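Q: Structure of the sequence below:
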Amino acid sequence: MSERSVLTDARAGEAPAVVRVEDLQVRFVSRDMEVEVVNGVSFALQHGEALCILGESGSGKSVTMRSLMRLLPETARYGGRVEVDGIDILGLPDRGLRRIRGGVVSMIFQEPMTALDPVYTVGQQIVETIVASDGTSARSARARALELLELVKIPSAARRLDNYPHELSGGLRQRVMIAMALACRPKVLLADEPTTALDATVQIQVLLLLRELQRELDMATIFVTHDLGVACEIADQIAVMYAGRFVEHGSAVDIIDKPSHPYTQGLMNSTVQGKARGEILKTIEGAPPDLRRLPSGCSFAPRCPDVGLVCRDGRPNLRQVSPGHVARCFRHDPAVRFD
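A: I've put the predicted structure just below:
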């Protein structure tokens, strides 16, 4: 059975997916070298569902998500298939991409202070987005912009329309970014670590707001994070990524309650959630591998506390742990013996 079959068979009979990614491969090509950053990623997402991609920095999370809008540099080369709302993203010409960005799939970027233009008011930036997408009048677009700021619960929304980004707090700027992402009523919302720059209290407020809006607007949502707390709060599905591959994927309940890959278990053990006061956290030894020089066997083998000889020689495939829950580990392969 192929890895694609392992992932898709568990969802057979469900409604058609609004996002379908099959065997996605992304590599960056330069004059001197070629680096494979994403290798064989597959998943499907329906309307109203939230997927959280979890992993350390450099694991390929953001590259995977940006591939859904083809926002990567020109040095990127793609393989596999990416469909959003039935549209073949990887085969779409540039003119077609401009039509689907914002209207079909939209994105909340990681740092709003760099994503927002400092010389225009937030109202002007939202209005420009709406006019460019819908072709409506500036007056109608401004009324819509006010509705969006109220939707994301910005206080004194009418006054905030005429504020510049630097006049707003980090939490308000992030809410403006959410409003801009929702301006064209997208079917798929991408969020690249949207709460990283915020303090803990504001993080919770923004996460709850995003979850509420996602359900209210019936959007499929993909979050990228390295924060387990974020994943627990918002996800229906969780995919754990390491060295460009999904090493575990399943429902949020299965991943949080029954982590089956040593890397996922290591992430769980290195958090403070559920730990007694004064208890020393268990860390994952070592560092993620250099994608230019991956180990010959399992990419996690050099850091794995339960490594076997087979792990250093061969690369494991995804294996079903339980219905809808898969892990990339030889210990879930009945054909492999561990001494």
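
Q: so after the helix or strand encompassing Val21, what's the next helix or strand?
A: Here Val21, judged by DSSP states H and E, is contained in strand 19-29. Using DSSP H and E, the helix or strand that follows strand 19-29 in sequence is strand 34-45.

Q: Check what contacts whichever helix or strand comes after that next one and list those residues.
A: Following strand 34-45 in sequence order, the next helix or strand is strand 50-54 (DSSP H and E). With contacts defined as C-beta atoms under 8 Å, 6 or more residues apart in numbering, strand 50-54 is touched by 43, 45, 61, 64-65, 211, 214, 220-226, 228, 230-231, 234-241, 252, 267. For the C-beta atoms, the positions are set from N, CA and C on the backbone; glycine is no exception.

Q: any idea which helix or strand comes after strand 50-54?
A: helix 61-66.

Q: could you dump the following helix or strand past that following helix to CSV, C-alpha only?
A: Next helix or strand after helix 61-66 toward the C-terminus (DSSP H and E): strand 76-84. Taking Å, rounded to 0.1, in the frame of the first residue of the first chain, the C-alpha atoms of strand 76-84 are listed here in CSV:
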residue,chain,number,x,y,z
ALA,A,76,11.7,26.7,-6.1
ARG,A,77,10.8,23.7,-8.2
TYR,A,78,7.6,21.7,-7.4
GLY,A,79,6.5,18.1,-7.8
GLY,A,80,3.3,16.2,-7.0
ARG,A,81,-0.1,17.8,-7.0
VAL,A,82,-1.8,20.6,-5.1
GLU,A,83,-5.5,21.3,-5.5
VAL,A,84,-7.4,24.1,-3.8
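
Q: tell me the average confidence for the helix or strand that comes right after strand 76-84?
A: As assigned by DSSP H and E, the chain's next helix or strand after strand 76-84 is strand 87-88. Average pLDDT, strand 87-88: 94.

Q: This structure: strands as residue ranges?
A: 19-29, 34-45, 50-54, 76-84, 87-88, 105-108, 188-192, 220-225, 237-242, 245-251, 319-322, 325-327 (DSSP state E).

Q: Name only those of the contacts of strand 50-54 that count as buried.
A: Buried members of the contacts of strand 50-54, scored by 16 or more other C-beta atoms under 10 Å, are 43, 45, 61, 64-65, 211, 214, 220-226, 228, 230-231, 234-241, 252, 267.

Q: sorry, back to before: looking at the strands of the chain, which is closest to Val176?
A: With C-beta to C-beta as the measure, strand 105-108 is the member of the strands of the chain nearest Val176 (10.3 Å).

Q: That closest one - contacts with which helices or strands?
A: On a contact count with 3 or more C-beta pairs under 8 Å, 6 or more residues apart in numbering; DSSP states H and E, strand 105-108 meets helix 170-182, strand 188-192.

Q: I'd like the ones you listed as CSV, with distance to Pro155 appended.
A: What follows is the helices and strands packed on strand 105-108, written out as CSV (distance: least, C-beta to C-beta, whole Å):
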stretch, distance to Pro155
helix 170-182, 9
strand 188-192, 22
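
Q: Make CSV from those and add mean pLDDT to it.
A: As requested, the helices and strands packed on strand 105-108 are arranged in CSV below (pLDDT from 0 to 100):
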stretch, mean pLDDT
helix 170-182, 89
strand 188-192, 92
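
Q: Turn the ones you listed into TSV, including mean neighbour count.
A: Formatted as TSV, those follow (neighbours: other C-beta atoms under 10 Å):
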stretch	mean neighbour count
helix 170-182	24
strand 188-192	23
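
Q: Tell me which of the ones you listed lies nearest to Gly102.
A: Nearest to Gly102 among these is helix 170-182 (8.2 Å), distances taken as C-beta to C-beta.

Q: where exactly do the helices run in the stretch 101-250 of the chain?
A: Taking DSSP state H, counting those that start in this stretch, the helices of the stretch 101-250 of the chain run over residues 112-115, 122-134, 138-151, 157-160, 170-182, 200-217, 228-234.

Q: Pull out the buried residues from the first one.
A: In this case it means helix 112-115. By neighbour count on 16+ other C-beta under 10 Å, the buried set for helix 112-115 is 112, 115.

Q: Now do that helix, average pLDDT.
A: The average pLDDT for helix 112-115 rounds to 82.

Q: repeat for stretch 201-221
A: Mean per-residue pLDDT for stretch 201-221: 84.

Q: Including distance to Ser137, could the strands of the chain go into JSON lines?
A: Shown next, in JSON lines, are these (distance: least, C-beta to C-beta, whole Å):
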{"stretch": "strand 19-29", "distance to Ser137": "33"}
{"stretch": "strand 34-45", "distance to Ser137": "35"}
{"stretch": "strand 50-54", "distance to Ser137": "35"}
{"stretch": "strand 76-84", "distance to Ser137": "29"}
{"stretch": "strand 87-88", "distance to Ser137": "28"}
{"stretch": "strand 105-108", "distance to Ser137": "22"}
{"stretch": "strand 188-192", "distance to Ser137": "26"}
{"stretch": "strand 220-225", "distance to Ser137": "30"}
{"stretch": "strand 237-242", "distance to Ser137": "40"}
{"stretch": "strand 245-251", "distance to Ser137": "45"}
{"stretch": "strand 319-322", "distance to Ser137": "54"}
{"stretch": "strand 325-327", "distance to Ser137": "50"}
